[in-house]
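no sequence for this one, just the structure:
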């Protein structure tokens, strides 16, 4: 069977982790999430273009370009459920 259940993030943990520093803060890489309603798995070495249609994703892209997330312009693409808006616990760092 090639079907695997999706492990969804607990939204209470996400909300509380935004304001609570961790003991290993220096080892934690915080990046914005780019939720999509389809799985996105790029092939290594290929260039992909994401089309921003939601205002929050356009703002995130602007913030990355402006350096508001530090000197790295990384973000994480993750699956968002259409029916509940839950986010998958696994994503692709881009």
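Perfect, I can see it now. Predicted model only: the values in this text are computed from it and were never measured.

okay, CA-based contacts and neighbour counts for the rest of this
Noted.

After the helix ranked longest in the chain, heading C-terminal, what element do we hit next?
Under DSSP state H, the helix in the chain containing the largest number of residues is helix 55-66. Following helix 55-66 in sequence order, the next helix or strand is strand 76-80 (DSSP states H and E).

Relative to the whole chain's centre, how far out is that next one?
How far strand 76-80 lies from its chain's middle: 5 Å, per Cα atoms, centre = their mean, to the nearest Å.

Can you tell me what sits against the very next helix or strand once past it?
Next along the chain after strand 76-80, taking DSSP H and E as the criterion, comes strand 87-93. Contacts with strand 87-93, where a contact means Cα atoms under 8 Å, 6 or more residues apart in numbering, come from 6-9, 35, 40-41, 74-81.

The residue nearest to the spatial centre of the chain pairs with what?
Compute the mean C-alpha point of the chain, and by Cα atoms, centre = their mean the closest residue is residue 33, 2.4 Å away. Beta-bridge partners of residue 33, counted by DSSP bridges, are residue 76.
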